[in-house]
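Chemist: Provide a 3D model corresponding to the input given below.
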Amino acid sequence: MFRSPRSSADIKPHCKFITLIVAAAVAVTGFSAAPARADEDIAKVLAGLAVLGIIGAIVKNNRDDDHQQVTRPHRPHRPKPLPPRVARYDLPAQCVRYFPRYSQSRTLMGRGCLRKQYGFEHKLPRACQVTFWNGKRNRVGYRPDCLKNRGYRITRR
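Modeler: Here you go, the predicted model:
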């Protein structure tokens, strides 16, 4: 993944301080160098490189920690269910059906579907109830417009 280069404002103050100390240490060791034996020079160079490596690893670790993503579990919003006294006015839309023997252009809410899906079918107004012959037996349904006029809503559940 490509990271954009950081600006000087993005670097934390302690990182700037560590960089300043390392630069000062390198400068001072260059001025105070005196002729010495070769084995002491090699030891000093190796020790300096080790210190620089440790400091570089600390700075890199601090920079890597800055880009960790914070994740939170997704909690979907679930609305509270309606109380029964209100929910009984919501009729399931899947019960609105076309019965060709009743009318060529009007739909009804089937009583069997309402018994299965709704649960309050026995409390629906009798004024909205329609009985019709389907060719084999009498069928019962409810007129949706009449139910709407009496405060019922047809909803998808």
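Chemist: in stretch 79-93, what's buried?
Modeler: By 16 or more other Cβ atoms under 10 Å, the buried positions in stretch 79-93 come out as 90-92. Backbone N, C-alpha and C define where each C-beta goes, glycine included.
Chemist: export these as JSON lines, with columns for secondary structure, pLDDT and distance to R143.
Modeler: What follows is the buried residues of stretch 79-93, written out as JSON lines (DSSP: H, G, I helix; E, B strand; the rest coil; pLDDT from 0 to 100; distance: Cβ to Cβ, whole Å):
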{"residue": "D90", "secondary structure": "strand", "pLDDT": "84", "distance to R143": "17"}
{"residue": "L91", "secondary structure": "strand", "pLDDT": "88", "distance to R143": "12"}
{"residue": "P92", "secondary structure": "strand", "pLDDT": "89", "distance to R143": "16"}
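Chemist: V130: which of those residues is nearest?
Modeler: Checking those against V130 by Cβ to Cβ gives L91 as the nearest, at 15.1 Å.
Chemist: looking at it, the closest one is touching C146, isn't it?
Modeler: No: contact criterion Cβ atoms under 8 Å: L91 and C146 do not qualify, at 11.8 Å.
Chemist: distance of the residue most central in space within the chain from I42?
Modeler: Nearest to the geometric centre of the chain sits H74, at 4.3 Å (Cα atoms, centre = their mean). Using Cβ to Cβ, to the nearest Å, we find H74 at a distance of 58 Å from I42.
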